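Q: Fold the following for me, if possible:
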Amino acid sequence: MILINFNNTHASFSDLVGDENLVPAIEFVKQWNNGANHFTFQSSGSTGIAKDIVLSKNFLIQSAQRTIDLFQIKPEDHLLLALNTSFIGGMMMIVRALVAQCTLVYIAPQQISIETLHSLPPIKLASFVPVQIKKLLEQTEKDPFIHIAHVIIGGAPMHERLVKEISALKTPCLFYQTYGMTETASHVALKNISKNELHYTALNGYSFETNNNDQLIIQYLQHPTFTIQTNDMVNLISSQSFQWIGRADWVVNSGGIKFNLETAEDIVADFFKQCNHAPLITSYKTGDEQWGERWILILACDPLTPEKEDALCNFCKQHLGKYAYPKEIRYSNKTVYLPSGKIDRMNTYKASL
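A: You can find the predicted model right below:
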């Protein structure tokens, strides 16, 4: 655990050069302190080749200030950084500490455990990716978050089972699922999991609409205004609220029935919940001569019996549609993750071949 006090606006990471998770942060803080006005970030690469995205210093400060105001972060508070700073989620924790001039507590992502979290000073805000939360909840029945006031979770979708586990925690810590991307300098909307909220609500300065395919359009209302057409399918509640359905990239058209892989995986998780079983679930889609597209389900567990596979497929048909069931089930304990913490669907699929 390392504490960096940003009450001194020229605090530096220069003595932490040995940690690869902080390599981008060292140069970023150096540029920030030297008056740079623009910074280059790399997208996560979850839907294609990662690309460089340039954001202005003023835009980063505006994003940080929204979070600071929302969680009432003061100079005497501590923020927890436990993410790789190669991506916007980790770097924005640094920007928030810089703007709030508070203390940043750093723990290497691979060292996150209940022991390290219990050794923390009081933390006002921490940011994690879903896989970190999942591993913490698997370690113990004790509350890992007893020293943390607020946790934001982003970087990848969360299965409904994990959301339910979080909402059922007996802890004073409040949990929020985030929606955002590199282009928006982290989150533009939050969903309070602790209050069982189903919809994301916009942060100040943003509004939402959809195109004819129900894909979300983000509108930034402050100067300079901009619009981003996303590849996320949503149920738009209002200009300030939406329910996320899934990525348009992962919509499968099988036998004329369209369904989203993220939604389908939640149905599969519900099936296993009835069996008191919780394997890691992911999916891939390929072309299929008969069905058009084929849903391939990949499970990290021992192979199911033929009877159990049939029961799983029938469960999917009941909840998704007559032809919406996995045309192939693979079993593999090798789940591949992107550096951002998201599951790499394509390479996980390749690993199962």
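
Q: Check whether the residue lying closest to Thr67 once chain neighbours are set aside sits in a helix, strand or coil.
A: Nearest non-adjacent residue to Thr67, counting by CB to CB, 6 or more residues apart in numbering: Arg96, 5.8 Å away. No exception for glycine: its C-beta is placed from N, CA and C like everyone else's. Counting by DSSP: H, G, I helix; E, B strand; the rest coil, the backbone at Arg96 sits in helix.

Q: what's the span of stretch 339-353 from first residue to last?
A: With CA to CA, to the nearest Å as the measure, stretch 339-353 spans 22 Å from end to end.

Q: Please apply the same query to stretch 33-40.
A: The straight-line separation of the ends of stretch 33-40 (CA to CA) is 16 Å.

Q: cool, and stretch 19-37?
A: By CA to CA, the extent of stretch 19-37 from end to end equals 26 Å.

Q: What strands line up against the host helix or strand of Leu216, and which way round?
A: Per DSSP states H and E, Leu216 falls inside strand 215-220. According to DSSP bridges, strand 215-220 has the following sheet partners: strand 206-210 (antiparallel), strand 226-238 (antiparallel).

Q: Tell me which of the ones you listed sits nearest to Ser56.
A: strand 226-238 (11.5 Å; CB to CB).

Q: helix or strand right after that closest one?
A: Next in sequence after strand 226-238, counting helices and strands by DSSP H and E, comes strand 241-247.

Q: And that next one, what's buried?
A: Going by neighbour count (16 or more other CB atoms under 10 Å), the buried part of strand 241-247 is Ser241, Phe242, Trp244, Ile245, Gly246, Arg247.

Q: Could you do stretch 143-152 as well?
A: Buried, per 16+ other CB under 10 Å, within stretch 143-152: Asp143, Pro144, Phe145, His147, Ile148, Ala149, His150, Val151, Ile152.

Q: ok, of those, which one's closest to Ala278?
A: Set against Ala278, the nearest of the buried residues of stretch 143-152 by CB to CB is Pro144 (18.0 Å).

Q: Name the nearest of the buried residues of stretch 143-152 relative to Leu261.
A: Among the buried residues of stretch 143-152, and counting by CB to CB, the member closest to Leu261 is Ile152, at 24.5 Å.

Q: what's the closest one in contact with, if anything?
A: Shown in contact with Ile152 (CB atoms under 8 Å, 6 or more residues apart in numbering): Leu125, Ala126, Ser127, Phe128, Phe175, Tyr176, Gln177, Thr178, His187, Leu190.

Q: Show only the entries of the residues you listed found in strands.
A: Using DSSP state E, the members of these that fall in strands are Leu125, Ala126, Ser127, Phe128, Phe175, Tyr176, Gln177, Thr178, His187, Leu190.

Q: In terms of helix, strand or coil, where does Glu183 fall?
A: Counting by three-state DSSP, the backbone at Glu183 sits in helix.

Q: and the buried residues of stretch 143-152, which of them are in strands?
A: Ile148, Ala149, His150, Val151, Ile152.

Q: Now that we have those residues, can you turn them into CSV and tack on pLDDT?
A: What follows is those, written out as CSV (pLDDT from 0 to 100):
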residue, pLDDT
Ile148, 98
Ala149, 98
His150, 98
Val151, 98
Ile152, 98
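
Q: Can you pull out the low-pLDDT segments for the stretch 51-200 of the chain?
A: Along the stretch 51-200 of the chain, no part satisfies pLDDT under 70.

Q: How about the stretch 251-353 of the chain?
A: Low-confidence segments of the stretch 251-353 of the chain, defined by pLDDT under 70: 340.

Q: List of residues touching stretch 239-253?
A: With contact meaning CB under 8 Å, 6+ apart, stretch 239-253 is reached by 47, 157, 179, 189, 198-202, 207-209, 213-216, 231-237, 258-264, 283, 285, 292-295, 324, 345.

Q: How about the contacts made by the nearest residue to Gln139 once chain neighbours are set aside?
A: With sequence-adjacent residues excluded and distances taken as CB to CB, 6+ apart, Gln139 is closest to Ile114, at 5.3 Å. Shown in contact with Ile114 (CB under 8 Å, 6+ apart): Leu136, Gln139, Thr140, Lys142, Pro144.

Q: can you confirm the first one is in a helix?
A: In other words, Leu136. Yes - per three-state DSSP, Leu136 lies within a helix segment.

Q: isn't it right next to Lys142, touching?
A: No - counting by CB atoms under 8 Å, Leu136 does not reach Lys142; the two are 10.0 Å apart.

Q: Neighbour count: those two, which is higher?
A: Just comparing Leu136 and Lys142: by other CB atoms under 10 Å the higher neighbour count belongs to Leu136, 17 against 10.

Q: how close does the more buried one get to Leu120?
A: 13 Å (CB to CB, to the nearest Å).
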